[in-house]
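A.B. asks: model this:
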Amino acid sequence: MHTRRVTYQGFRRDDGLWDIEGELHDSKPHDFELRGKGTHRAGEPVHHMRLRVTFGDDMVIRAIDVAMDARPHGPCPEAMAPMQRMVGEVLGKGWRHTIQRHLGGIQGCTHLRELLYNLATAAFQTRSGSFAIPADGSPPAHLGQCVAWDFDGPVVEELYPMFFRWRPPARDRGA
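C.D. replies: This next block holds a predicted model:
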C-alpha cells in the first residue's frame with residue numbers, strides 16, 4: 001500500500017571534509033485522493049526530499065543543503081531554512097535530542113528529521129577512523145551502544161581487549 005525508500009551515501013571530499021547525502025522517497029502503487037489536492041497518481045512521489053550534510057573529522061557539521069522535489073502541501077518548503085540551525089552541531093552523542101531541540105514540532109519537517117536521525121550512523125560508517133581509539137585513550141564512541149559493542153561482550157573482548165569489562169570512571173561528587 002505504500003513504499004518508502006531511504007538511502008544514504010557517504011563521500012570524502014577533496015578538501016578533506018565529508019558529505020553524507022540522504023534521500024527519502026514515498027510513493028503508493030495506486031491512485032489516491034490527496035485531500036484538497038485531487039488525485040495523486042500511482043508511482044508519483046508523495047515525498048521526495050534530499051539532504052547533504054558536510055562535516056569534518058571532528059564530526060561538527062559545516063553545511064547543510066536541502067531539497068524538496070516533491071511534497072504534498074504548500075507550506076512544506078518553510079521547513080528547509082530552519083535546517084541551518086544544525087550547522088555547528090556534532091554528529092554524536094545526544095544527536096536525536098539536538099535534532100528535536102532545533103527542529104522539533106512545528107519548527108521543522110517530520111521527514112527531514114527522520115533523514116537526519118539516521119544520517120549520523122551513516123556518517124560514522126563513512127568517516128575513516130571512526131573505529132579508532134581516541135588520542136586521549138578513552139573508548140571509541142561506538143562501544144557500549146548496542147549488543148554487539150557491549151563492553152562485557154565477545155566482540156569488544158576480541159577487537160578492543162583493553163576496554164573489555166570497562167566502566168566509566170566514578171564522578172567526583174564534591175564535598
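A.B. asks: host element of the nearest residue in space to Arg4 that is not next to it in sequence?
C.D. replies: Spatial nearest neighbour of Arg4, excluding adjacent residues (CB to CB, 6 or more residues apart in numbering): Asp26 at 5.1 Å. For the C-beta atoms, the positions are set from N, CA and C on the backbone; glycine is no exception. Taking DSSP states H and E as the definition, Asp26 sits inside strand 18-27.
A.B. asks: packing partners for that strand?
C.D. replies: Contact partners of strand 18-27 among helices and strands, from 3 or more CB pairs under 8 Å, 6 or more residues apart in numbering; DSSP states H and E: strand 3-12, strand 45-55, helix 110-126.
A.B. asks: show me where pLDDT drops low in the protein?
C.D. replies: Per-residue confidence for the chain (pLDDT under 70) gives these ranges: 128-130, 172-175.
A.B. asks: tell me the contacts of the residue nearest in space to the middle of the chain?
C.D. replies: Centrality entry for the chain: nearest residue to the mean C-alpha point is Leu119, 2.3 Å, by CA atoms, centre = their mean. By CB atoms under 8 Å, 6 or more residues apart in numbering, Leu119 lies in contact with Tyr8, Ile20, Gly22, Leu51, Val53, Leu91.
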